[in-house]
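Visitor: Sequence first, then the predicted structure:
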Amino acid sequence: MRINPIQAIPPEFPKKPKASTDLKSDLRLFDANGEVRVGDVVRFNKKPCYVERIGELVTVVAMDERKYTFNVLPHQIDCVLQKGESK
């Protein structure tokens, strides 16, 4: 069995630059009344749900006694997702 030596990376090697903004912070959710934030109430399947997380899929939690969690697309809750700077 032959072992190949691994070339060590010198400490002065430039590191990969970090992205200026995080992808999650760039995503904003809008409905007809304006921006929807985490904690706001939206309707999914004609039932009120609150927004728990905003990403490519939006996580909503039903506001009934069972508290179901759904990962939905923005159009399923009558919203649109926009990529841009968050304020």
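Guide: Arrived safely, thanks for sending.
Visitor: Local confidence estimate at residue 79?
Guide: On pLDDT, residue 79 comes in at 94.
Visitor: Wait, it touches residue 36, no?
Guide: Yes. Using Cβ atoms under 8 Å, residue 79 makes contact with residue 36 at a distance of 5.8 Å. For glycine as for every other residue, the C-beta is placed from the backbone atoms N, C-alpha and C.
Visitor: Now list whatever residues contact both of those two.
Guide: Common neighbours of residue 79 and residue 36, using Cβ atoms under 8 Å, 6 or more residues apart in numbering, are 29, 30, 42.
Visitor: What distance do you get for the residue sitting nearest the centre point of the chain to residue 44?
Guide: Centroid-nearest residue in the chain: residue 55, 2.0 Å away (criterion: Cα atoms, centre = their mean). As defined by Cβ to Cβ, to the nearest Å, residue 55 lies at a distance of 16 Å from residue 44.
Visitor: Low-confidence bits of the protein, can you list those?
Guide: 1, 3, 6-25, 85-87 (pLDDT under 70).
Visitor: now do 80
Guide: Within the chain, the stretches with pLDDT under 80 are 1-25, 84-87.
Visitor: ok so, going back, let me know the distance separating the residue nearest to the centre of the chain from residue 73.
Guide: Taking Cβ to Cβ, one finds residue 55 at 11 Å from residue 73.
Visitor: Also residue 32?
Guide: On the measure of Cβ to Cβ, residue 32 and residue 73 end up 17 Å apart.
Visitor: between these two, who's got more neighbours?
Guide: More neighbours surround residue 73 than the other of residue 32 and residue 73, with 11 against 7 (other Cβ atoms under 10 Å).
Visitor: quick one, helices of this structure?
Guide: Assigned by DSSP state H, the helices in the chain fall at 23-26.
Visitor: max-length strand in it?
Guide: Determined from DSSP state E, the single longest strand within the chain is strand 47-53.
Visitor: elements contacting that strand?
Guide: When contacts are defined as 3 or more Cβ pairs under 8 Å, 6 or more residues apart in numbering; DSSP states H and E, strand 47-53 sits against strand 41-44, strand 58-62.
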